[in-house]
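Novice: sequence and predicted structure, then a few things I'm wondering about:
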Amino acid sequence: MDEKGVNAVLRVAIAEDEAESRGQLTEFLRQYGETYSVEMEVSCFSSGVDLVQDYRPEYDIILLDIAMPDMDGMETARRIRQVDEQVVLVFITQMAQYAINGYEVGALDFILKPVNYDVFAMKLTKAIRRAESREGKRIVLALPSGVQVLQTRDIYSEPCPALPHQPGRVCPAWDNAEGGAGVGALPFQPVQQLVPGEPGLCISGG
């Protein structure tokens, strides 16, 4: 995935309670990345609970085991869809009939266990193409507190009252406190709420 430096790294999450299966999927991703020159950042979770806890919409693809204790893959997918409509979901399952319900959460596809690499590579290619064609693109911001992700469809223009109109410049007049801060009560609308105590990104409209 190459968007001229924006979100160039494919971010993949694996939610699988079996350590051996997690290891296999991770190895398949590594093999695919080397074969097709795709740079990936892979995050592994041993349960759906771990994945949805403090979930942020920063992944391109999630490989989701259906049969997990505490919170199965379907419920995990429902929780994810409440905050992330764009991520591409691919179920991993031993029985195809369980994956049929994946349509209700907008899952792209499913992969049957035991996972075969050739099938995996074919399905992953499909998932990557879907991720690349999603409505809107994502901009990844490296902030002191960590990575923040903006959807370009959520970005709108608003003149910054504290600075000359300099698109993309950080606005020091807004420190992300509720209602704004800094230079009194400003009519400036931030692009997206980031982290309390950090500046908002000012996108100038003129």
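Specialist: Here it is on my side, so go on.

Novice: gap between the two ends of stretch 33-46?
Specialist: 22 Å (CA to CA, to the nearest Å).

Novice: mind telling me what element residue 55 is part of?
Specialist: Using DSSP states H and E, residue 55 falls within no helix or strand.

Novice: can you check the one 3 residues further on too?
Specialist: Counting by DSSP H and E, residue 58 is held by no secondary-structure element, helix or strand.

Novice: what does residue 35 give?
Specialist: With DSSP H and E as criterion, residue 35 is part of helix 19-36.

Novice: buried stuff in that helix?
Specialist: 21, 22, 24, 25, 26, 28, 29, 32, 33 (16 or more other CB atoms under 10 Å). All C-beta spots, glycine's among them, are computed from the backbone N, C-alpha and C.

Novice: for stretch 40-49, same thing?
Specialist: So, applying 16+ other CB under 10 Å, buried residues of stretch 40-49: 40, 42, 44, 45, 47, 48, 49.

Novice: how long is that stretch end to end?
Specialist: Criterion CA to CA; first-to-last residue distance in stretch 40-49 is 23 Å.

Novice: now stretch 121-129: average pLDDT?
Specialist: Taken as a whole, stretch 121-129 has a mean pLDDT of 96.

Novice: what sits against residue 119?
Specialist: By CB atoms under 8 Å, 6 or more residues apart in numbering, the contact set of residue 119 is 111, 112.

Novice: and it, what element?
Specialist: helix 117-132.

Novice: what is the helix holding residue 35 packed up against?
Specialist: Judged by 3 or more CB pairs under 8 Å, 6 or more residues apart in numbering; DSSP states H and E, the packing partners of helix 19-36 are strand 10-15, strand 40-45, helix 117-132.

Novice: re the thing from before, can you redo the buried residues of helix 19-36 as CSV with pLDDT and distance to residue 108?
Specialist: Shown next, in CSV, are the buried residues of helix 19-36 (pLDDT from 0 to 100; distance: CB to CB, whole Å):
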residue, pLDDT, distance to residue 108
21, 96, 19
22, 97, 20
24, 98, 20
25, 98, 16
26, 98, 20
28, 98, 17
29, 98, 16
32, 97, 16
33, 96, 19
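
Novice: give me the below-cutoff pLDDT ranges for this structure.
Specialist: Scanning the chain for pLDDT under 70 picks out 1-8, 98-99, 135-143, 145-206.

Novice: show me where it has its strands.
Specialist: Here the chain has its strands, by DSSP state E, at 10-15, 40-45, 61-65, 88-93, 109-112, 138-143, 146-151, 170-171, 200-201.

Novice: coming back round to it: so the helix holding residue 119 versus strand 40-45, what angle?
Specialist: Going by axes from the mean of the first three to the mean of the last three CA atoms, to 10 degrees, helix 117-132 is angled at 100 degrees with respect to strand 40-45.
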